[in-house]
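# coords below, sequence missing:
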Ligand SMILES: O=C[C@H](O)COP(=O)(O)O
């Protein structure tokens, strides 16, 4: 059984250094004050990528493109191109039915898949998951899919969604060779349930800040989360070995 990889969203070079030093595998560049998928300025992303490649070559780096309307496809693709050009491993793009119609979402998924950029579609789960969008994503060569929430005041993804829907999301992503990631106000106390669901990636921001995801990352919370995640995945491996 493979381990869940920890993704932590960071807003600047100082937070990126903290996350990398704590052993976070996926460093996600995002400006939380600018929305669920708020973008970090492009001029900031490139130097962070260069620094992390030198100091923590095993860390993978993602960046979000901002909360862009699904109908504004040209602007979205332009932002994807310039973000990919910074050298990040993943460009995360929100697929949010609050920002466009189902047909606009399907067109966006097709265009993102054909873009040649390492796009990771981030499905916003606040209004549930539309299976037709997952079917559209399954036809594209995405390396990973993520499920997240836009409204951070409504509780965690695990409170919003039943396990069977999350299991289905993970299975659909894996079924087409993509990694499956879960995020959305996740809390360390939810690690046992996350471990049972066993996505490939678990993403955090709010839980490693001092109560507000728009505030600063708190090193002690980050270290505690990293430790809890590595313990949870070690225990899962041991249990799998014992059963084998
Ligand atoms: O991509 C992951 C998100 O930034 C998670 O943020 P959150 O834990 O505050 O919902």
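That came through fine. Fair warning: this is a prediction, and the values are worked out from it, not measured in the lab.
# quick one, strands of the chain?
Here the chain has its strands, by DSSP state E, at 5-10, 26-29, 60-64, 90-95, 119-124, 144-148, 179-183, 201-204.
# Those strands into CSV, with extra columns for mean neighbour count?
Where C-beta positions appear, they are placed from N, C-alpha and C, glycine not excepted. Listed next are the strands of the chain as CSV, based on neighbours: other CB atoms under 10 Å:
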stretch, mean neighbour count
strand 5-10, 25
strand 26-29, 26
strand 60-64, 24
strand 90-95, 26
strand 119-124, 24
strand 144-148, 27
strand 179-183, 24
strand 201-204, 25
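# Now tabulate these in CSV and tack on mean pLDDT and distance to residue 53.
Below are those laid out as CSV (pLDDT from 0 to 100; distance: least, CB to CB, whole Å):
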stretch, mean pLDDT, distance to residue 53
strand 5-10, 98, 15
strand 26-29, 98, 11
strand 60-64, 98, 8
strand 90-95, 98, 14
strand 119-124, 98, 19
strand 144-148, 98, 20
strand 179-183, 98, 21
strand 201-204, 98, 20
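# As CSV, those strands with distance to residue 243 would be great.
Formatted as CSV, these follow (distance: least, CB to CB, whole Å):
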stretch, distance to residue 243
strand 5-10, 23
strand 26-29, 28
strand 60-64, 30
strand 90-95, 33
strand 119-124, 32
strand 144-148, 28
strand 179-183, 22
strand 201-204, 23
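# In CSV, list the ones you listed along with distance to the ligand.
Shown next, in CSV, are these (distance: least, CB to the nearest ligand atom, whole Å):
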stretch, distance to the ligand
strand 5-10, 3
strand 26-29, 5
strand 60-64, 8
strand 90-95, 7
strand 119-124, 7
strand 144-148, 6
strand 179-183, 4
strand 201-204, 3
